[in-house]
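>>> Sequence first, predicted coordinates after that:
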Amino acid sequence: MAGLRIEHLYKRYENNGKKKKNAVQNDYAVKDLNLVCEQGEFIALLGPSGCGKTTTLRMTAGLEDITKGDIYIGDTLVNNLHPKDRHIGLAFEDYAMYPPLTVYDNIAFNLKAKGVDKAEIDKRVQEIAPLMQCDDLLDKMPVKLSGGQKQRVNIARAIIRRPELLLMDEPLSHLDGKARQAMRTEIKRLINDIKCTTVYVTHDQLEAMSLADKIAIINFGVLQQFGTPAEVYDDPVNEFVASFIGEPPMNILETTIAGEGDHFFFTFKDSNLKIAVPERYYKVVSSGFKCKMGVRPMDVLIGGADSMGTPEEVATFENLGDERRIGIHVGEALLMLITDDEARYKSGDIIKLEVRGEKTHLFDIETGDRIRE
Ligand SMILES: Nc1ncnc2c1ncn2[C@@H]1O[C@H](COP(=O)(O)OP(=O)(O)OP(=O)(O)O)[C@@H](O)[C@H]1O
């Protein structure tokens with residue numbers, strides 16, 4: 001098992017003028033990426049489609065040339081090493097199994113190719129198969145497997161080589177909701193068992209939040225933030241991260257600060273809503289200051305009958321069973337709140353809105369960067 005270090009990594013695809021769909025605006029698919037994944041850590045590369053996650057993984061695997069920068073696996077600079085010499089396990093999105101071979105032979109394939117002796121191969125397959133819950137599939141042909149079973153075999157194939165580093169690219173993307181959730185739990189258990197350094201590509205923030213020790217959030221090839229799930233959720237560095245992490249996303253509204261006496265409030269165009277600015281921001285705001293205010297839907301509350309909250313009209317109501325989502329127009333924007341309150345609302349109902357001012361974040365209107373107290 002080894003750690004991974006990525007230093008000032010760049011990738012520019014040479015396309016003879018032709019561009020792929022979603023091609024990056026700045027021509028770099030990956031731009032000045034720096035990442036450290038400690039030995040035994042599980043990191044997720046997270047970002048929207050086309051942001052450069054797969055490109056980063058493929059460069060790490062040696063399947064794609066590096067334009068500039070260095071990749072170390074353990075202390076070894078691997079820039080010019082062949083993939084088979086990098087001691088990596090790959091579990092990619094498409095399950096490229098060998099159709100004429102049984103599951104057993106698929107799992108054993110790479111060890112056989114390396115000339116590992118039969119008894120050792122059998123020992124390892126018998127070790128891995130129960131771990132991936134595919135021991136009862138060993139005699140089956142790939143065509144007979146469900147999506148989840150294929151994925152389990154795929155991961156078994158990747159880990160049987162006892163890689164220094166396990167690279168997974170959207171391994172759950174072919175699965176539907178329930179199977180996805182089940183496999184997520186299995187992957188978590190597996191990684192706990194084998195304690196392998198892992199880099200996991202996903203565009204699903206829930207997957208990243210639930211599996212990873214640390215998440216690297218990427219946009220347009222540029223690393224936005226690298227931190228634990230709690231750090232990226234509670235302390236986002238910019239508007240992009242704040243709105244990418246969390247479901248439903250953080251409410252982000254343009255605001256003008258108004259001073260009243262000794263206090264400051266967030267105010268909004270064409271709305272009566274007024275939210276107290278936390279005192280910790282008093283050093284950086286002034287009356288008339290324009291910025292964006294972010295607040296998570298669970299920090300917007302419905303006040304009781306005696307609440308001092310602002311009366312607001314319900315615009316949208318969704319009942320999702322265990323939670324209800326309410327949308328309120330604030331000028332042209334829609335402010336979402338989540339409640340487990342049993343009450344049913346309909347559009348036009350009036351509720352008292354209370355916003356937990358201490359939970360708000362401020363962002364620069366132009367750059368989207370967090371404004372820190
Ligand atoms: N072989 C290629 N030739 C040219 N451009 C490419 C190639 N592969 C990827 N790109 C471009 O590089 C950028 C990053 O793509 P990449 O596949 O790494 O993103 P991603 O974040 O993994 O996206 P997805 O989640 O959709 O797989 C995109 O703009 C994409 O169009």
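Cool, the structure landed.

>>> Tell me if I'm right that residue 163 and residue 196 touch.
Yes - taking contacts as CB atoms under 8 Å, residue 163 lies within contact range of residue 196: 6.6 Å. Bear in mind the C-beta positions are built from the backbone N, C-alpha and C, glycine included.

>>> Mind listing the shared neighbours of the two?
residue 89 (CB atoms under 8 Å, 6 or more residues apart in numbering).

>>> Can you list the low-confidence ranges for the stretch 151-300 of the chain?
Within the stretch 151-300 of the chain, no stretch has pLDDT under 70.

>>> Can you pull the residues of it lying near the ligand?
residue 203 (CB under 6 Å from any ligand atom).

>>> so what does the helix or strand containing residue 187 touch, helix or strand wise?
Residue 187 is part of helix 177-194, with elements assigned from DSSP states H and E. If you count contacts as 3 or more CB pairs under 8 Å, 6 or more residues apart in numbering; DSSP states H and E, helix 177-194 packs onto helix 118-131, helix 147-159, helix 205-211.

>>> Any buried residues in it, and which?
Using 16 or more other CB atoms under 10 Å as the test for burial, helix 177-194 gives 179-180, 183-184, 186-187, 190-191, 194.

>>> and which of the residues you listed is nearest residue 209?
Ranked by distance to residue 209 (CB to CB), those are led by residue 184 at 10.6 Å.

>>> burial count for the residue of the stretch 201-350 of the chain found nearest the ligand?
Using CB to the nearest ligand atom, the closest approach of the stretch 201-350 of the chain to the ligand is made by residue 203 at 4.9 Å. With neighbours defined by other CB atoms under 10 Å, the count for residue 203 comes to 17.

>>> list the contacts for it?
Residue 203 neighbours (CB under 8 Å, 6+ apart): 46-49, 53, 170.

>>> follow-up on the earlier one: now the helices and strands packed on helix 177-194 as TSV including mean neighbour count?
As requested, the helices and strands packed on helix 177-194 are exported to TSV (neighbours: other CB atoms under 10 Å):
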stretch	mean neighbour count
helix 118-131	15
helix 147-159	23
helix 205-211	20
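
>>> can you give me the helices for the stretch 1-150 of the chain?
53-61, 103-113, 118-131, 147-159 (DSSP state H, counting those that start in this stretch).

>>> Need those in a markdown table (columns: distance to residue 77).
Below are the helices of the stretch 1-150 of the chain laid out as a markdown table (distance: least, CB to CB, whole Å):
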| stretch | distance to residue 77 |
| --- | --- |
| helix 53-61 | 12 |
| helix 103-113 | 24 |
| helix 118-131 | 29 |
| helix 147-159 | 23 |
